[in-house]
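got a sequence here, can you model it:
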Amino acid sequence: MKVSLSPGAIDKVNNGDLNLKPIVQVLEVNPIGSNKDRYSTLLSDGVRAQEAMLASQLNQLVKSGRLVRGAIVQLIDYICNTVQNRRIIIVLNMEIIVSNSEIIGVPKQFTDLDIGPSNRDAHNGRNGSTPVATNTSSLNLANNTSNCSVGQKASPSSDVFGRPAIQPPYQPPPVYSNKGPIAKNEAPPRIIPISSLNPYQGRWAIKARVTAKADIRRYNNAKGDGKVFSFDLLDSDGGEIRVTCFNALVDRFFDQIALGKVYMISKGSLKPAQKNFNHLNNNWEIFLESSSIVEPSMDQDDSIPKQQFSFKLINEIEGMESGSMADVIGVVISVNPSVTILRKNGMETQKRVLNLKDTSGRTVELTLWGSLCNKEGQELHDMLDSGASPVLAIKASRVSDFSGKSLGTISSTQLFINPDIPEARSLRVWFDCEGKRTISQPISQDFVSADWVRKNVSDIKYERLGFSDKPDWIDVKANVTFIKTDSFCYTACPVIVGDRQCNKKITRSRGGLWHCERCDQDLEDCDYRYLLQIQIQDHTGLTWVTAFQEAGEEIMGFPAKELYFLKYEEGDEQRFGEIIRSVVFSSFLFKLKVKEERYNDEQRVKITVMKVEKQNFPSENKYLIDMIKKLSV
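The predicted model follows:
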């Protein structure tokens, strides 16, 4: 594979071009001193060569043997810093184009433009550029890559590339006293795009608009009580990032941050984003510190949009994974009254369900939680009562697959009623002209039960159900013939995350508390949820199905916690066995989701019980009579 190196790439990178994404060749790869967690390289564009350091997340490329001398790579993300009068490229992300190639050209070492002519001669041993040494000595880079400090490791008579070096005359160390202030670099940091932020930068500032602001949330973990709030930022280049404040910083910044305002922010630390709770398209989050600066911008920059959407059509939601986030826009066609429900933590909250329709010809159920029910939810309810069909844009809704596919709000979800955006105007024209008269197919289970098809157990195998792109939804009337009792339930995290319970499996920690890795919390109590493996059988055959919490309670007739304590805490095996035997050979109408999945590199069909109903003899008789009529015809 013939690949051309990017001409002049080294000079352009050193002159500050960070958007080039050049193709260069690796001339050397060396560990930095004795530290096997840091590697230095020499990069070439065929004419010039430049020292570089790999960020730690790229170490695996070296350790796996993929990044070697001669490899041709494309620099995706990088910065170039001057450290100890030398220019160093810090590579944050790269892609290997060719794993091994002959050395291209006769590259010469880049001469640092920041070093004066006389010092440059002393540094290089001659004027101008010098050819690259074939066995470059390793750079002794400090482990603290956030400061990117570099220390040279060389013999007294040579520099880091083995070239003769002129020893400077001895100078005594300076004597410091407390007679005056020490000069510091107080120049303001330069404003950079959010997309360029990374932990390897020193001084930076961003200018962005607040597009979302969460309420203050209080928490309790092994370290004690605390409070936290976060807000989302959007800049003029379309970059987004979340900012988080803890404890004393909540008191300092919460009242200062206003939704929709533009701020200048600097001196924060960057940490990996927690994707379980952060829907933004950014791998980093900003954590404010005591030295952080948050100032309102003197001009509320109109080039920064009020909000940024990435809309999904409703038919696209049907193929999304449960727990993923989606921006959706649709016409509201129904709104249910708000109801009060009791959460598992004992707190009450509001719930309101509405339905959306869009140009894909599908509808979806959206569940509003908390304050959204009484504010935006009531407004939508009143608009529908008056005969209007409002357009609703949802920023950051969560996809759920418990009831087919549906959407729910979380703490950072935002609702925009009849927003003044092109997508809303286009949707309004479609609905008024034709959409209100077209019949749309729902993707949420509560509305698709009529589309479920009655099948026999043997049909699952012989009709190869579940092997298409979408799952098959079927009804099966069958008896329970066996229940696995060794692991019929699991200990689950009871923490409410957004609009629903975490439910992640948790384990006991050393202190006797329950630890949840997803929430990173230690809890005094846990929840018990069904995870039943059941064998069901009809007159055509038998199969194994999995039943989770709600379906499990319907089948067993007891909460999972009650059966767990009966078996493991009280040790009443006789009573436990009686309950299990009372369920075996009971007849149910199972609503099943059948879908192929990959497990341990093996394709298999997973059958999940979505809902279960006890046998209703009048309904079953009516079904059988209808089937007889069809057969007679």
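
for the residue nearest the centre of the chain, helix, strand, or coil?
Using CA atoms, centre = their mean, the residue of the chain that lies closest to the mean C-alpha position is residue 275, 3.0 Å off. When classified by DSSP: H, G, I helix; E, B strand; the rest coil, residue 275 comes out as coil.

distance of it from residue 242?
11 Å (CB to CB, to the nearest Å). Just so you know, the C-beta spots here come from the backbone N, C-alpha and C atoms, and that holds for glycine as well.

which residues touch residue 244?
Residues in contact with residue 244 (CB atoms under 8 Å, 6 or more residues apart in numbering) are 228, 229, 230, 285, 286, 287, 288.

looking at those, which is nearest residue 195?
Within these, proximity to residue 195 (CB to CB) peaks at residue 286, which comes in at 13.4 Å.

number of nearby residues for that closest one?
24 (other CB atoms under 10 Å).

so which strand or helix has it?
If you go by DSSP states H and E, residue 286 is part of strand 284-287.

that strand pairs with which strands, and in what direction?
Paired neighbours of strand 284-287 in the sheet (DSSP bridges): strand 240-246 (parallel), strand 269-272 (antiparallel).

in stretch 586-604, what's buried?
588, 589, 590, 591, 592, 593, 594, 595, 596 (16 or more other CB atoms under 10 Å).

over to stretch 513-527?
For stretch 513-527, by 16+ other CB under 10 Å, it's 513, 514, 515, 516, 518, 519, 521, 522, 523, 526, 527.

hmm, back to that, turn the buried residues of stretch 586-604 into CSV, columns for distance to residue 107, pLDDT and secondary structure.
Below are these laid out as CSV (distance: CB to CB, whole Å; pLDDT from 0 to 100; DSSP: H, G, I helix; E, B strand; the rest coil):
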residue, distance to residue 107, pLDDT, secondary structure
588, 74, 93, strand
589, 74, 91, strand
590, 69, 93, strand
591, 67, 89, strand
592, 64, 91, strand
593, 59, 89, strand
594, 60, 91, strand
595, 54, 88, strand
596, 52, 85, strand
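
I'd like those as JSON lines, with distance to residue 96 appended.
Converted to JSON lines, these look like this (distance: CB to CB, whole Å):
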{"residue": "588", "distance to residue 96": "55"}
{"residue": "589", "distance to residue 96": "55"}
{"residue": "590", "distance to residue 96": "50"}
{"residue": "591", "distance to residue 96": "49"}
{"residue": "592", "distance to residue 96": "45"}
{"residue": "593", "distance to residue 96": "41"}
{"residue": "594", "distance to residue 96": "41"}
{"residue": "595", "distance to residue 96": "36"}
{"residue": "596", "distance to residue 96": "33"}
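
looking at the residues you listed, which is nearest residue 214?
Nearest to residue 214, judged by CB to CB, of the buried residues of stretch 586-604 is residue 593 at 33.6 Å.

what is the burial count for the nearest residue to that closest one once chain neighbours are set aside?
Leaving aside its sequence neighbours, residue 593 sits nearest to residue 608 (CB to CB, 6 or more residues apart in numbering; 4.6 Å). Burial of residue 608 is recorded as 17 neighbouring residues (other CB under 10 Å).

bridging residues for residue 608?
Residues in beta-bridge contact with residue 608 (DSSP bridges): residue 546, residue 593.

got a pLDDT number for it?
With respect to pLDDT, residue 608 scores 92.

now residue 230
With respect to pLDDT, residue 230 scores 92.

from memory it sits against residue 242, does it?
Yes - in this structure, residue 230 is within contact of residue 242 by CB atoms under 8 Å, at 5.4 Å.

more neighbours: those two, which one.
For residue 230 versus residue 242, neighbours defined as other CB under 10 Å are more numerous around residue 230 (25 against 22).

quick one: which helix or strand includes that one?
Going by DSSP H and E, residue 230 is part of strand 224-234.

and that strand, what does it pack against?
strand 205-213, strand 217-221, strand 240-246, helix 248-253 (3 or more CB pairs under 8 Å, 6 or more residues apart in numbering; DSSP states H and E).

between the ones you listed, which gets nearest to residue 495?
strand 217-221 (9.1 Å).

and the closest one, which strands flank it?
strand 224-234 (antiparallel).

residues touching the partner strand, excluding its own?
With CB under 8 Å, 6+ apart as the criterion, strand 224-234 contacts 194, 206, 208-220, 240-247, 250, 254, 257, 263, 265, 280, 304-305, 307-308, 412.

put the alpha carbons of that strand into PDB.
Extracted C-alpha coordinates of strand 224-234, given in PDB (Å, rounded to 0.1, in the frame of the first residue of the first chain):
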ATOM      1  CA  GLY A 224     -19.700  11.100  54.100                       C
ATOM      2  CA  ASP A 225     -22.500  13.500  52.900                       C
ATOM      3  CA  GLY A 226     -22.100  15.800  50.000                       C
ATOM      4  CA  LYS A 227     -23.800  17.800  47.300                       C
ATOM      5  CA  VAL A 228     -23.300  18.200  43.600                       C
ATOM      6  CA  PHE A 229     -24.700  20.000  40.600                       C
ATOM      7  CA  SER A 230     -23.700  20.200  36.900                       C
ATOM      8  CA  PHE A 231     -24.400  22.300  33.800                       C
ATOM      9  CA  ASP A 232     -23.800  21.800  30.100                       C
ATOM     10  CA  LEU A 233     -22.000  24.100  27.800                       C
ATOM     11  CA  LEU A 234     -22.100  24.700  24.000                       C
END
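
that strand to strand 205-213, inter-axis angle?
Here strand 224-234 runs at an angle of 110 degrees relative to strand 205-213 (axes from the mean of the first three to the mean of the last three CA atoms, to 10 degrees).

returning to what we had before: and the strand holding residue 230, how far out from the chain middle?
17 Å (CA atoms, centre = their mean, to the nearest Å).

with stretch 476-487 instead?
Using CA atoms, centre = their mean, the offset of stretch 476-487 from its chain centre is 36 Å.

in that stretch, what counts as buried?
In stretch 476-487, counting by 16+ other CB under 10 Å, buried: 476, 477, 478, 479, 480, 483.

any residues touching stretch 334-354, and which ones?
332, 355, 365-374, 377-378, 380-381, 384, 392, 494, 496, 501, 527.

ok, back up a step: could you dump the contacts of residue 244 to CSV with distance to residue 463?
Converted to CSV, the contacts of residue 244 look like this (distance: CB to CB, whole Å):
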residue, distance to residue 463
228, 51
229, 52
230, 49
285, 48
286, 53
287, 53
288, 57
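
related to what we said a few turns ago, which of the strands paired with strand 284-287 has the highest mean neighbour count?
Highest mean neighbour count among the strands paired with strand 284-287 (mean count of other CB atoms under 10 Å): strand 240-246, with a mean of 21.

for the record, mean pLDDT for that strand?
Averaged over strand 240-246, pLDDT sits at 93.

and this structure, what are its domains?
9-151, 194-296, 314-444, 452-488+531-625 (automatic domain parsing).

just put the strands paired with strand 284-287 in JSON lines and tack on distance to residue 457.
Putting the strands paired with strand 284-287 into JSON lines (distance: least, CB to CB, whole Å) gives the following:
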{"stretch": "strand 240-246", "distance to residue 457": "48"}
{"stretch": "strand 269-272", "distance to residue 457": "46"}
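
for residue 23, find the nearest of those.
If we rank the strands paired with strand 284-287 by CB to CB, the stretch that ends up nearest is strand 269-272, at 27.8 Å.

now the helices for the stretch 351-500 of the chain?
With helices called from DSSP state H, counting those that start in this stretch, the stretch 351-500 of the chain shows them at 371-374, 376-385, 422-433, 457-462.

pLDDT weak spots in the stretch 1-150 of the chain?
1, 33-36, 83-85, 111-150 (pLDDT under 70).

run the last query once more with 80
Residue ranges of the stretch 1-150 of the chain with pLDDT under 80: 1-3, 16-19, 32-38, 56-57, 81-86, 110-150.
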